[in-house]
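Trainee: sequence? don't have it. structure:
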Ligand SMILES: Cc1cn([C@H]2C[C@H](O)[C@@H](COP(=O)(O)OP(=O)(O)O[C@H]3O[C@H](C)C(=O)[C@H](O)[C@H]3O)O2)c(=O)[nH]c1=O
């Protein structure tokens, strides 16, 4: 596997080593020892999540605060998303900056989203099965977020607004500038 650190410190793109033969392909989707060696992160995850979404769905931008903050190792099992990770670590020199990357069953890329980041994605294919590992458990009470069309972030989700589908929870999220961390 090859790991590339993004311009946001601690946020990594993981390119797994794909072994192909006449039957198809094989790759190690996660290896804690290699992950730790290449990123310096523990690579100890406690919860796996999986969601399915149809074209145009936008999930996010979400995080859990404080002691319940989660780092996530995200990937796509089928389909394609535009994945977004926003640095909202207090005092970070890249506060409010984000990484946007296409993750797909084709490119098999993964993104490591550190604690202190907001995370979200838009669905670019007809349907997507999204899978991610979390290094802390779900804690509903600690959840917070920023609305997908925040003016300061100005994210291009690569989906026409008319095709977007968001949860009732997500359409009322607040702005980045009003975030209380
Ligand atoms: C996140 C989570 C949710 N749930 C329950 C709560 C709701 O009954 C249902 C759907 O939850 P929600 O609408 O928050 O799911 P998403 O909009 O996909 O939320 C996720 O969206 C972005 C992409 C993220 O990175 C976060 O992991 C997470 O916030 O699953 C659980 O039982 N456990 C969990 O860990």
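Mentor: Good, I have the coordinates. Since we're looking at a predicted model, the values are computed, not measured.

Trainee: quick check: residues of the protein near the ligand?
Mentor: Neighbours of the ligand within the chain, by CB under 6 Å from any ligand atom: 49, 51, 59, 60, 62, 72, 119, 120, 121, 138, 167, 169. Heads up, the C-betas are built off the backbone N, CA and C, glycines and all.

Trainee: please redo it, this time with the cut-off set to 5 Å
Mentor: 51, 59, 60, 62, 119, 138 (CB under 5 Å from any ligand atom).

Trainee: for the fifth one, give its distance to residue 49.
Mentor: Spelled out, that is residue 119. 11 Å (CB to CB, to the nearest Å).

Trainee: before we move on, the earlier item: can you select the buried ones from the residues of the chain next to the ligand in ChimeraX?
Mentor: Listed next is the ChimeraX selection for buried residues among those, using 16 or more other CB atoms under 10 Å:
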select :59,60,62,119
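
Trainee: in strands only, show me the residues of the chain next to the ligand.
Mentor: With strands taken from DSSP state E, the overlap with the residues of the chain next to the ligand comprises 51, 59, 60, 62, 119.

Trainee: take these and write them to a markdown table, including distance to residue 157.
Mentor: What follows is those, written out as a markdown table (distance: CB to CB, whole Å):
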| residue | distance to residue 157 |
| --- | --- |
| 51 | 17 |
| 59 | 11 |
| 60 | 10 |
| 62 | 15 |
| 119 | 14 |
